[in-house]
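K.L.:
A structural model of the following input is requested.
(one chain, ligands or ions: 1)
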Amino acid sequence: MREDILRKIVAVKAERLREEKSRIPERHWRELAEKKAGGRSGNFSAALRADPQGSPRIIAEVKRGSPSKGLMRPDLDVVKTVSAYEAGGAAALSVLTERDFFHARDDDFSTARSSTDLPLLRKDFMWDPYQIYQSVAWGADAVLLIVRILSDDQLKDLIDLCRELGVDALVETHDEEEIERAVNSGAYVVGINNRDLKTFEVSVETTVRLAGLVDKKRHLVVCESGIKSPDDIRRVRDAGVHAFLVGEYLVRSGDPVSALRALLVSS
Ligand SMILES: O=C(O)c1ccccc1NCC(=O)[C@H](O)[C@H](O)COP(=O)(O)O
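P.N.:
You can find the predicted model right below:
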(Lines give C-alpha, C1' and ligand atoms only; values in the text may rest on other atoms or scores of the structure.)
Protein backbone atom coordinates (compact mmCIF):
# COMPACT_ATOMS: atom_id res chain seq x y z
CA MET A 1 0.00 0.00 0.00
CA ARG A 2 1.09 3.56 -0.77
CA GLU A 3 2.70 5.65 1.96
CA ASP A 4 0.56 8.41 3.46
CA ILE A 5 1.10 11.31 0.99
CA LEU A 6 1.17 13.90 3.77
CA ARG A 7 4.63 12.76 4.94
CA LYS A 8 6.05 13.37 1.46
CA ILE A 9 4.35 16.73 1.11
CA VAL A 10 5.54 17.90 4.53
CA ALA A 11 9.15 16.86 3.79
CA VAL A 12 9.24 18.88 0.57
CA LYS A 13 7.38 21.80 2.14
CA ALA A 14 9.83 21.89 5.08
CA GLU A 15 12.67 22.43 2.63
CA ARG A 16 10.74 25.22 0.87
CA LEU A 17 9.96 26.82 4.24
CA ARG A 18 13.63 26.74 5.31
CA GLU A 19 14.58 28.50 2.10
CA GLU A 20 11.78 31.07 2.48
CA LYS A 21 12.77 31.83 6.07
CA SER A 22 16.35 32.48 4.99
CA ARG A 23 15.09 35.11 2.55
CA ILE A 24 12.27 36.69 4.59
CA PRO A 25 12.42 36.59 8.39
CA GLU A 26 9.34 35.76 10.45
CA ARG A 27 9.41 39.27 11.91
CA HIS A 28 8.44 40.69 8.49
CA TRP A 29 5.23 38.63 8.31
CA ARG A 30 4.47 39.00 12.03
CA GLU A 31 4.57 42.79 11.86
CA LEU A 32 2.33 42.85 8.79
CA ALA A 33 -0.05 40.32 10.35
CA GLU A 34 -0.27 42.25 13.60
CA LYS A 35 -1.21 45.39 11.68
CA LYS A 36 -3.99 43.48 9.88
CA ALA A 37 -5.07 41.43 12.91
CA GLY A 38 -8.82 41.30 13.38
CA GLY A 39 -9.50 43.24 10.19
CA ARG A 40 -11.38 40.32 8.62
CA SER A 41 -12.20 38.57 11.87
CA GLY A 42 -14.86 35.85 11.73
CA ASN A 43 -15.70 36.47 8.04
CA PHE A 44 -15.07 32.87 7.03
CA SER A 45 -16.99 31.13 9.82
CA ALA A 46 -19.84 33.64 9.52
CA ALA A 47 -20.13 32.79 5.81
CA LEU A 48 -20.51 29.10 6.65
CA ARG A 49 -23.30 29.60 9.16
CA ALA A 50 -26.63 29.63 7.46
CA ASP A 51 -30.26 29.07 7.96
CA PRO A 52 -30.56 25.26 7.99
CA GLN A 53 -33.50 25.54 5.59
CA GLY A 54 -31.50 27.71 3.15
CA SER A 55 -29.19 26.58 0.35
CA PRO A 56 -25.96 24.75 1.25
CA ARG A 57 -22.87 26.86 1.90
CA ILE A 58 -20.16 26.05 -0.59
CA ILE A 59 -16.46 26.83 -0.34
CA ALA A 60 -15.32 26.76 -3.97
CA GLU A 61 -11.68 25.85 -4.50
CA VAL A 62 -9.11 27.31 -6.87
CA LYS A 63 -7.18 24.13 -7.70
CA ARG A 64 -4.82 23.59 -10.63
CA GLY A 65 -3.87 20.04 -9.77
CA SER A 66 -3.35 17.51 -7.02
CA PRO A 67 -1.28 14.49 -6.01
CA SER A 68 -4.15 12.18 -6.98
CA LYS A 69 -5.00 13.77 -10.35
CA GLY A 70 -1.78 15.49 -11.46
CA LEU A 71 -2.03 18.77 -13.33
CA MET A 72 -5.74 19.22 -14.10
CA ARG A 73 -5.94 22.85 -15.19
CA PRO A 74 -2.58 24.36 -16.22
CA ASP A 75 -4.54 27.11 -17.99
CA LEU A 76 -6.67 28.05 -14.96
CA ASP A 77 -7.27 31.79 -14.88
CA VAL A 78 -7.63 32.80 -11.24
CA VAL A 79 -9.46 36.09 -11.93
CA LYS A 80 -12.06 34.40 -14.16
CA THR A 81 -12.45 31.45 -11.80
CA VAL A 82 -12.99 33.68 -8.77
CA SER A 83 -15.50 35.77 -10.66
CA ALA A 84 -17.38 32.61 -11.78
CA TYR A 85 -17.44 31.29 -8.22
CA GLU A 86 -18.84 34.60 -7.03
CA ALA A 87 -21.48 34.63 -9.76
CA GLY A 88 -22.36 31.00 -8.98
CA GLY A 89 -23.07 31.81 -5.34
CA ALA A 90 -20.07 30.48 -3.39
CA ALA A 91 -20.11 31.44 0.30
CA ALA A 92 -16.31 31.47 0.50
CA LEU A 93 -13.30 30.44 -1.58
CA SER A 94 -10.36 28.14 -0.95
CA VAL A 95 -7.05 28.81 -2.69
CA LEU A 96 -4.38 26.11 -2.77
CA THR A 97 -0.94 27.63 -2.32
CA GLU A 98 1.22 24.48 -2.35
CA ARG A 99 3.45 24.41 -5.41
CA ASP A 100 5.10 21.01 -5.72
CA PHE A 101 2.09 18.68 -5.45
CA PHE A 102 -0.85 20.99 -6.22
CA HIS A 103 0.84 23.09 -8.92
CA ALA A 104 -0.14 26.41 -7.32
CA ARG A 105 1.58 29.50 -8.69
CA ASP A 106 3.21 32.02 -6.37
CA ASP A 107 0.67 34.73 -7.11
CA ASP A 108 -2.52 32.64 -7.03
CA PHE A 109 -3.50 33.78 -3.56
CA SER A 110 -2.73 37.47 -4.08
CA THR A 111 -4.58 37.41 -7.41
CA ALA A 112 -7.62 35.86 -5.75
CA ARG A 113 -7.42 38.33 -2.85
CA SER A 114 -7.40 41.32 -5.15
CA SER A 115 -10.27 39.88 -7.22
CA THR A 116 -12.87 39.32 -4.50
CA ASP A 117 -14.07 40.34 -1.10
CA LEU A 118 -15.46 36.86 -0.38
CA PRO A 119 -13.77 35.13 2.58
CA LEU A 120 -10.62 33.29 1.47
CA LEU A 121 -9.17 30.11 2.94
CA ARG A 122 -5.45 29.58 2.41
CA LYS A 123 -5.20 25.85 1.78
CA ASP A 124 -1.72 24.54 2.43
CA PHE A 125 0.25 22.30 4.76
CA MET A 126 1.02 24.35 7.86
CA TRP A 127 2.71 23.68 11.17
CA ASP A 128 4.82 26.80 11.76
CA PRO A 129 3.61 30.17 13.13
CA TYR A 130 5.60 31.69 10.23
CA GLN A 131 2.97 30.32 7.82
CA ILE A 132 0.07 31.69 9.88
CA TYR A 133 1.59 35.21 10.04
CA GLN A 134 2.24 35.05 6.30
CA SER A 135 -1.36 33.98 5.59
CA VAL A 136 -2.80 36.86 7.62
CA ALA A 137 -0.40 39.29 5.94
CA TRP A 138 -1.67 38.02 2.56
CA GLY A 139 -5.25 38.79 3.61
CA ALA A 140 -6.51 35.27 4.40
CA ASP A 141 -9.73 34.93 6.37
CA ALA A 142 -8.96 31.33 7.28
CA VAL A 143 -6.13 28.81 7.22
CA LEU A 144 -6.14 25.04 7.01
CA LEU A 145 -4.73 23.08 9.96
CA ILE A 146 -4.45 19.35 9.26
CA VAL A 147 -4.65 17.37 12.49
CA ARG A 148 -2.64 14.44 11.09
CA ILE A 149 0.52 16.51 10.61
CA LEU A 150 0.38 18.27 14.00
CA SER A 151 1.03 17.26 17.61
CA ASP A 152 -1.64 18.20 20.17
CA ASP A 153 0.56 21.06 21.43
CA GLN A 154 1.18 22.39 17.93
CA LEU A 155 -2.51 22.20 17.09
CA LYS A 156 -3.57 24.01 20.23
CA ASP A 157 -0.87 26.70 19.84
CA LEU A 158 -1.76 27.34 16.19
CA ILE A 159 -5.50 27.52 16.94
CA ASP A 160 -4.71 30.02 19.73
CA LEU A 161 -2.50 32.05 17.39
CA CYS A 162 -5.26 32.11 14.76
CA ARG A 163 -7.69 33.36 17.38
CA GLU A 164 -5.26 36.11 18.49
CA LEU A 165 -4.84 37.25 14.89
CA GLY A 166 -8.55 37.08 14.11
CA VAL A 167 -8.30 34.42 11.42
CA ASP A 168 -10.46 31.28 11.36
CA ALA A 169 -8.86 27.83 11.42
CA LEU A 170 -10.43 25.04 9.38
CA VAL A 171 -9.21 22.06 11.39
CA GLU A 172 -9.14 19.04 9.09
CA THR A 173 -9.75 15.49 10.29
CA HIS A 174 -9.91 12.07 8.66
CA ASP A 175 -11.13 9.73 11.40
CA GLU A 176 -12.68 9.42 14.85
CA GLU A 177 -9.45 9.97 16.79
CA GLU A 178 -8.62 13.14 14.84
CA ILE A 179 -12.10 14.55 15.48
CA GLU A 180 -11.56 14.08 19.20
CA ARG A 181 -8.13 15.74 19.00
CA ALA A 182 -9.53 18.67 16.98
CA VAL A 183 -12.36 19.32 19.43
CA ASN A 184 -10.10 18.94 22.49
CA SER A 185 -7.63 21.41 21.01
CA GLY A 186 -10.26 24.13 20.74
CA ALA A 187 -11.27 23.88 17.08
CA TYR A 188 -14.44 25.71 16.13
CA VAL A 189 -14.61 24.86 12.41
CA VAL A 190 -14.04 21.12 11.95
CA GLY A 191 -13.38 19.74 8.46
CA ILE A 192 -13.95 16.10 7.61
CA ASN A 193 -11.92 15.06 4.58
CA ASN A 194 -13.43 12.22 2.57
CA ARG A 195 -10.15 11.36 0.86
CA ASP A 196 -8.26 8.30 2.05
CA LEU A 197 -4.67 9.53 2.06
CA LYS A 198 -3.20 6.12 1.24
CA THR A 199 -5.47 5.00 -1.58
CA PHE A 200 -6.77 8.46 -2.67
CA GLU A 201 -10.27 7.01 -2.77
CA VAL A 202 -13.01 9.47 -1.84
CA SER A 203 -16.38 8.69 -0.33
CA VAL A 204 -18.83 11.15 1.15
CA GLU A 205 -19.89 8.32 3.45
CA THR A 206 -16.84 9.25 5.55
CA THR A 207 -18.49 12.55 6.44
CA VAL A 208 -21.85 10.87 6.99
CA ARG A 209 -20.16 8.48 9.42
CA LEU A 210 -18.05 11.02 11.32
CA ALA A 211 -20.28 14.11 11.39
CA GLY A 212 -22.36 12.56 14.18
CA LEU A 213 -19.34 12.81 16.49
CA VAL A 214 -19.31 16.62 16.36
CA ASP A 215 -21.72 18.75 18.40
CA LYS A 216 -23.22 20.98 15.68
CA LYS A 217 -24.39 23.54 18.23
CA ARG A 218 -20.79 24.23 19.28
CA HIS A 219 -18.93 23.64 16.03
CA LEU A 220 -19.28 24.18 12.31
CA VAL A 221 -18.69 21.08 10.20
CA VAL A 222 -17.26 21.19 6.68
CA CYS A 223 -17.45 18.21 4.32
CA GLU A 224 -14.28 18.18 2.18
CA SER A 225 -13.39 16.41 -1.09
CA GLY A 226 -15.06 14.16 -3.61
CA ILE A 227 -18.30 16.12 -4.02
CA LYS A 228 -19.37 15.74 -7.62
CA SER A 229 -23.16 15.93 -7.72
CA PRO A 230 -26.20 17.48 -6.08
CA ASP A 231 -26.93 13.98 -4.73
CA ASP A 232 -23.67 14.02 -2.75
CA ILE A 233 -24.67 17.30 -1.13
CA ARG A 234 -28.15 15.99 -0.29
CA ARG A 235 -26.72 12.85 1.24
CA VAL A 236 -24.28 14.72 3.47
CA ARG A 237 -26.58 17.55 4.36
CA ASP A 238 -28.88 15.12 6.09
CA ALA A 239 -25.99 14.45 8.49
CA GLY A 240 -26.19 18.06 9.70
CA VAL A 241 -23.07 19.39 7.94
CA HIS A 242 -22.84 23.19 7.56
CA ALA A 243 -20.67 23.60 4.47
CA PHE A 244 -18.99 21.80 1.57
CA LEU A 245 -15.52 22.28 0.11
CA VAL A 246 -15.55 21.54 -3.62
CA GLY A 247 -12.55 21.66 -5.96
CA GLU A 248 -12.15 19.20 -8.82
CA TYR A 249 -15.82 19.05 -9.81
CA LEU A 250 -15.85 22.82 -10.34
CA VAL A 251 -12.47 23.30 -12.01
CA ARG A 252 -13.13 20.48 -14.47
CA SER A 253 -16.74 21.45 -15.18
CA GLY A 254 -16.07 23.89 -18.03
CA ASP A 255 -18.91 26.03 -16.66
CA PRO A 256 -18.30 26.64 -12.95
CA VAL A 257 -21.19 29.12 -12.65
CA SER A 258 -23.77 26.52 -13.71
CA ALA A 259 -21.99 23.72 -11.84
CA LEU A 260 -22.10 25.72 -8.60
CA ARG A 261 -25.71 26.75 -9.10
CA ALA A 262 -26.67 23.11 -9.65
CA LEU A 263 -25.06 22.20 -6.32
CA LEU A 264 -26.74 25.11 -4.53
CA VAL A 265 -30.25 24.09 -5.54
CA SER A 266 -29.61 20.51 -4.54
CA SER A 267 -31.52 20.49 -1.30
O1 LIG B 1 -6.65 16.40 -3.87
C2 LIG B 1 -5.79 15.55 -3.58
O3 LIG B 1 -5.39 14.69 -4.37
C4 LIG B 1 -5.17 15.54 -2.20
C5 LIG B 1 -4.22 14.59 -1.92
C6 LIG B 1 -3.61 14.59 -0.68
C7 LIG B 1 -3.94 15.52 0.28
C8 LIG B 1 -4.90 16.48 0.00
C9 LIG B 1 -5.51 16.48 -1.23
N10 LIG B 1 -6.44 17.45 -1.55
C11 LIG B 1 -6.69 18.58 -0.75
C12 LIG B 1 -8.11 18.73 -0.51
O13 LIG B 1 -8.52 18.53 0.60
C14 LIG B 1 -9.00 19.07 -1.67
O15 LIG B 1 -8.34 19.92 -2.55
C16 LIG B 1 -10.34 19.71 -1.32
O17 LIG B 1 -10.97 19.09 -0.25
C18 LIG B 1 -11.26 19.64 -2.55
O19 LIG B 1 -11.39 18.30 -2.96
P20 LIG B 1 -11.99 17.90 -4.37
O21 LIG B 1 -13.36 18.50 -4.47
O22 LIG B 1 -12.06 16.41 -4.38
O23 LIG B 1 -11.07 18.45 -5.42
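
K.L.:
CA atoms for contacts and neighbours, from now on please.
P.N.:
Will do.

K.L.:
residues from the stretch 1-150 of the chain in reach of the ligand?
P.N.:
5, 66-68 (Cα under 6 Å from any ligand atom).

K.L.:
swap the cut-off to 8 Å and go again
P.N.:
When proximity is defined by Cα under 8 Å from any ligand atom, the stretch 1-150 of the chain lies next to the ligand at 5-6, 61, 63, 65-70, 96, 102, 123.

K.L.:
what about whatever residue of the stretch 51-200 of the chain ends up closest to the ligand, how many neighbours?
P.N.:
Closest residue of the stretch 51-200 of the chain to the ligand, Cα to the nearest ligand atom: Ser68 (3.8 Å). Residues lying near Ser68 (other Cα atoms under 10 Å) number 14.

K.L.:
And Arg195, by the same measure?
P.N.:
Using other Cα under 10 Å, Arg195 has 18 neighbouring residues.

K.L.:
I'd like to know how far it sits from His103.
P.N.:
19 Å (Cα to Cα, to the nearest Å).

K.L.:
again with His28
P.N.:
The spacing between His28 and His103, counted by Cα to Cα, is 26 Å.

K.L.:
Phe44 too?
P.N.:
Note on Phe44: its distance to His103, by Cα to Cα, is 25 Å.

K.L.:
Ok, Glu176 next?
P.N.:
31 Å.

K.L.:
Comparing these two, which residue is more hemmed in?
P.N.:
His103 (20 against 15).

K.L.:
Which strand or helix spans the more buried one?
P.N.:
Assigned by DSSP states H and E, His103 belongs to neither a helix nor a strand.

K.L.:
Touching, it and Leu71? I think so.
P.N.:
Yes: contact criterion Cα atoms under 8 Å: His103 and Leu71 qualify, at 6.8 Å.

K.L.:
any residues in contact with both of these two?
P.N.:
Here His103 and Leu71 have 64-65 as joint contacts, going by Cα atoms under 8 Å, 6 or more residues apart in numbering.

K.L.:
anything in stretch 155-170 sitting right up against the ligand?
P.N.:
No: judged by Cα under 8 Å from any ligand atom, stretch 155-170 stays clear of the ligand, getting no closer than 11.1 Å.
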